[in-house]
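Undergrad: All I have is the shape, not the residue letters:
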């Protein structure tokens with residue numbers, strides 16, 4: 001989060017000054033700090049709640065999120081930005097239901113898997129219902145359209161179902177079906193096809209469909225190993241679009257080099273390793289904490305996968321997806337939801353340590 005404060009300010013100055021409606025270099029960083037402060041408050045509240053609260057209210061929260069995903073699609077209610085209807089404006093605050101959907105999908109899947117005491121063995125009674133729910137949420141996200149969030153939800157759900165020892169044929173069907181659906185979605189939407197072609201051959205049309213990626217690659221290449229120094233990026237001077245949001249990693253690469261990118265990847269790896277391995281393993285050692293084990297794994301997979309996709313887009317390994325870098329990119333809903341999710345992970349770890357200490361004393 002500290003890195004995010006520094007880099008959002010560095011990457012947004014030129015855009016804030018040259019925007020005729022803003023003309024204030026502190027505009028984005030002020031808003032970013034406000035969002036982060038709200039996120040910390042929300043995280044503290046989430047930490048104060050026992051982890052079983054999320055299991056008890058999983059269905060209620062799922063209904064609220066689904067309603068928000070439907071409401072955002074209503075004309076004159078959902079705000080359209082860059083061709084996507086992803087935000088619900090409530091006064092000065094914009095809520096992005098797709099960010100809430102990522103967290104709620106992890107909570108609901110953890111609840112659903114642990115509710116089936118004998119595992120997801122029955123295809124029609126156990127597996128098909130959850131696949132329908134996942135598909136329904138994915139369809140709502142695609143209608144915005146939000147391909148990036150759809151991918152995150154699908155991959156996190158896939159990993160969690162694998163950890164639930166679901167039938168291997170179901171997993172293969174999901175992988176094949178998801179790949180086929182992705183290809184169809186790319187072919188069906190001209191803008192997605194342009195993005196994909198721009199990703200494959202960005203330098204063939206560097207001033208057209210490959211403009212954003214080529215400038216991102218130029219930024220990362222300019223940064224080399226150690227970067228050009230904080231504040232010295234050239235690409236942030238109105239060359240690279242979305243420099244402080246989806247493509248902030250390109251500016252980080254330019255100003256701090258490969259070393260800076262490596263440090264951030266290492267931080268996300270710590271979250272992933274602790275959540276997916278250490279914390280979830282401790283949960284499974286304690287009777288009655290299977291829900292917490294799956295929840296910890298889901299949150300850690302979500303953060304790691306989204307970070308890898310964001311970085312992959314910036315360095316040209318993946319097509320442009322419009323995904324933020326958790327805790328670092330500018331964006332209110334993303335920061336607040338990320339703070340809540342990490343607070344839940346910390347709470348699970350905190351409860352584990354108390355329970356294990358009590359067991360040792362006995």
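TA: Yep, that arrived. Just so we're clear, the structure is a prediction, and the values are computed from it rather than from any experiment.

Undergrad: Low-confidence ranges, this structure, go.
TA: The model of the chain has pLDDT under 70 over residues 91-92, 117-120.

Undergrad: In it, spot the helix with the most residues.
TA: Longest among the helix segments of the chain by residue count, using DSSP state H, is helix 332-361.

Undergrad: And that helix, what's buried?
TA: For helix 332-361, the neighbour count (16 or more other CB atoms under 10 Å) marks 332-349, 351-352, 355 as buried. All C-beta atoms are positioned from the backbone trio N, CA, C, and that covers glycine.

Undergrad: swap in stretch 193-210?
TA: 194-199, 202, 206, 209-210.

Undergrad: Now do the contacts for the residue nearest the centre of the chain.
TA: Using CA atoms, centre = their mean, the residue of the chain that lies closest to the mean C-alpha position is residue 306, 4.6 Å off. By CB atoms under 8 Å, 6 or more residues apart in numbering, the contact list for residue 306 reads 152, 323-326.

Undergrad: between the host helix or strand of it and helix 332-361, how big is the angle?
TA: Using DSSP states H and E, residue 306 maps to helix 290-314. Interaxial angle of helix 290-314 relative to helix 332-361 (axes from the mean of the first three to the mean of the last three CA atoms, to 10 degrees): 140 degrees.

Undergrad: Would you mark the buried spots in helix 290-314?
TA: For helix 290-314, the neighbour count (16+ other CB under 10 Å) marks 290-311, 313-314 as buried.

Undergrad: Give me the contact list for stretch 232-240.
TA: Everything outside stretch 232-240 that qualifies as a contact, by CB under 8 Å, 6+ apart, is 10-15, 18, 212, 215-216, 218-219, 222, 228, 243-244, 247, 250-251, 254-255.

Undergrad: Tell me the buried residues in that stretch?
TA: Of all the residues in stretch 232-240, those buried under the rule 16+ other CB under 10 Å are 233, 235-236, 239-240.

Undergrad: cool, and stretch 274-294?
TA: By neighbour count on 16+ other CB under 10 Å, the buried set for stretch 274-294 is 274-276, 279-280, 282-283, 289-294.

Undergrad: How are the helices of the protein distributed by residue range?
TA: Residue ranges of the helices in the chain, as given by DSSP H, are 2-18, 27-48, 52-56, 58-71, 97-115, 128-143, 147-163, 168-188, 190-200, 211-223, 248-273, 280-285, 290-314, 332-361.

Undergrad: how about those in a markdown table, adding distance to residue 90?
TA: What follows is those, written out as a markdown table (distance: least, CB to CB, whole Å):
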| stretch | distance to residue 90 |
| --- | --- |
| helix 2-18 | 23 |
| helix 27-48 | 13 |
| helix 52-56 | 24 |
| helix 58-71 | 11 |
| helix 97-115 | 12 |
| helix 128-143 | 19 |
| helix 147-163 | 20 |
| helix 168-188 | 30 |
| helix 190-200 | 28 |
| helix 211-223 | 30 |
| helix 248-273 | 26 |
| helix 280-285 | 36 |
| helix 290-314 | 25 |
| helix 332-361 | 11 |
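
Undergrad: Which among the ones you listed is found nearest to residue 121?
TA: Nearest to residue 121 among the helices of the chain is helix 168-188 (10.9 Å), distances taken as CB to CB.

Undergrad: what comes up buried for that closest one?
TA: Buried residues in helix 168-188, defined by neighbour count with 16+ other CB under 10 Å: 170, 174, 178, 186.

Undergrad: For the first one, which non-adjacent residue is closest in space?
TA: The reference is to residue 170. residue 127 (5.6 Å; CB to CB, 6 or more residues apart in numbering).

Undergrad: where's residue 9 relative to residue 96, distance?
TA: Plainly put, residue 9 is 22 Å away from residue 96 if you go by CB to CB, to the nearest Å.

Undergrad: what does residue 320 give?
TA: 18 Å.

Undergrad: Please apply the same query to residue 39.
TA: Where residue 96 is concerned, residue 39 sits at a distance of 13 Å (CB to CB).

Undergrad: cool, and residue 312?
TA: Taking CB to CB, one finds residue 312 at 22 Å from residue 96.

Undergrad: What of residue 341?
TA: Residue 341 sits 14 Å away from residue 96, going by CB to CB.

Undergrad: what about stretch 288-296, distance to the chain center?
TA: Between the centre of stretch 288-296 and the centre of its chain there are 21 Å (CA atoms, centre = their mean, to the nearest Å).

Undergrad: on that earlier part again, please report which of the contacts of residue 306 has the highest neighbour count.
TA: residue 325 (28 neighbours; other CB atoms under 10 Å).

Undergrad: Residue 77: how many residues sit nearby?
TA: Neighbour count for residue 77, taken as other CB under 10 Å: 12.

Undergrad: swap in residue 95?
TA: 18.

Undergrad: Next: residue 13.
TA: 22.

Undergrad: In contact with it, which residues are there?
TA: By CB under 8 Å, 6+ apart, residue 13 lies in contact with 25, 236.
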